[in-house]
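[1] quick one, what's the 3D model for this:
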Amino acid sequence: MLKILFVCHGNICRSTMAESIMCWLVEKNHLQKAYCIASAATSTEEIGNPIHHGTRRKLREQNIPIVEHYARQICLQDAEKYDYIIGMDDANMRNLTRMLPAQYHHKLSKLLDHTMRKGNIADPWYTGNFDETFVDVLEGCQGLLEETRPK
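    Presented below is the predicted three-dimensional model:
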């Protein structure tokens with residue numbers, strides 16, 4: 001089973017969106033037994049808070065089931081457990097490399113690294129643009145699934 005952890009700053013917008021989208025894609029492709037998907041934060045600011053209402057709204061608009069979740073911070077056990085630890089932007093990656101021992105850094109990548117266009121996924125907490133974030137997260141998750149799906 002391949003274990004993927006999506007990570008963003010607060011674990012209420014982008015990483016939870018990625019978790020729900022990836023679970024939906026995995027289910028659509030009948031691969032539930034092949035993947036374990038979760039999400040976490042680099043910061044402690046939102047711990048215990050539910051998924052942001054903008055993320056919920058966008059997922060509902062797209063008829064994507066929402067994985068119920070409360071924000072939590074990444075920990076050492078996550079680095080040991082997950083095969084892929086996927087950040088959303090350069091700030092997430094800097095925080096992850098500071099928080100996790102070097103022996104786990106090979107597991108780190110940004111979500112858009114799994115697409116033809118590299119880059120950062122904008123945080124809708126600041127931009128207010130959940131539509132743009134959704135497009136980027138969907139593209140990243142589709143690329144990640146294609147890259148990792150069992151042959």
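
[2] lowest-confidence helix or strand of this protein?
    Ranked by mean pLDDT, DSSP states H and E, the weakest helix or strand in the chain is helix 124-127, scoring a mean of 95.

[3] what mean pLDDT does the lengthiest helix in the chain have?
    Longest helix in the chain, counting residues (DSSP state H): helix 130-148. The pLDDT scores in helix 130-148 average 98.

[4] any idea how far that helix is from the middle of the chain?
    9 Å (C-alpha atoms, centre = their mean, to the nearest Å).

[5] go on, stretch 32-50?
    Stretch 32-50 has its C-alpha centroid displaced from the chain centroid by 8 Å (C-alpha atoms, centre = their mean).

[6] which outside residues touch that stretch?
    By C-beta atoms under 8 Å, 6 or more residues apart in numbering, the residues outside stretch 32-50 that reach it are 1-12, 15-16, 18-19, 22-23, 26, 67-75, 78, 82, 87, 92, 95-96, 99, 149-150. C-betas here are computed from N, CA, C, even on glycine.

[7] so which of those sit within strands?
    Judged by DSSP state E, strands contain the following of the contacts of stretch 32-50: 2, 3, 4, 5, 6, 7, 8, 87.

[8] so the second one sits against residue 79, correct?
    Read it as residue 3. No - if you go by C-beta atoms under 8 Å, residue 3 and residue 79 don't touch, sitting 11.1 Å apart.
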